[in-house]
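Participant: 3D model of this:
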Amino acid sequence: MNITVIKEIEAEQLKQNAPEIRVGDTVRVHNRITEGDKSRVQIFEGTIIKKQGGSNRATFTVRKQSNGVGVEKTWPIHSPNVEKVEVVRSGKARRAKLFYLRKLNGKKAKLKEIVD
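Facilitator: Got it, this is the predicted structure:
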């Protein structure tokens, strides 16, 4: 298949208002969940520990502590199920992937905040 045709198809699937997020940010992800014929929005709040991929295949992973258990979810940035992504606070990250947060809990797992 011709590469230009693939790029045109991928460009149509991109969101026009893609969220401006960085690794280390604490975000609220509004995720649309469809159960049968009903649809609702569920909010997942946590820290972005990684971003990967490019174009319409780009994804981000959010981690939070829930009842003492670490929970991670990965979403495609350009997914129609992701209603919006709110940045609650910006954290200072000196590396691209924050996997070391998996070993930490409580106050140790917090990042320094960037004040704009």
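Participant: where does residue 15 land on pLDDT?
Facilitator: pLDDT, residue 15: 81.
Participant: same thing with the one 10 residues further on?
Facilitator: Per-residue confidence (pLDDT) for residue 25: 93.
Participant: Phi, psi for it please.
Facilitator: phi -70, psi 140 (degrees, to the nearest 10).
Participant: That one and residue 111, how far apart?
Facilitator: Between residue 25 and residue 111 the computed distance is 9 Å (C-beta to C-beta, to the nearest Å). To be clear about C-beta, it is placed using only N, CA and C from the backbone, and glycine gets the same treatment.
Participant: what does residue 45 give?
Facilitator: Shown here: residue 45 relative to residue 111, a distance of 15 Å by C-beta to C-beta.
Participant: and these two? which has more neighbours close in?
Facilitator: More neighbours surround residue 111 than the other of residue 45 and residue 111, with 18 against 12 (other C-beta atoms under 10 Å).
Participant: just checking, the more buried one touches residue 95?
Facilitator: No - counting by C-beta atoms under 8 Å, residue 95 is not a contact partner of residue 111; they are 11.2 Å apart.
Participant: Cool, thanks, talk later.
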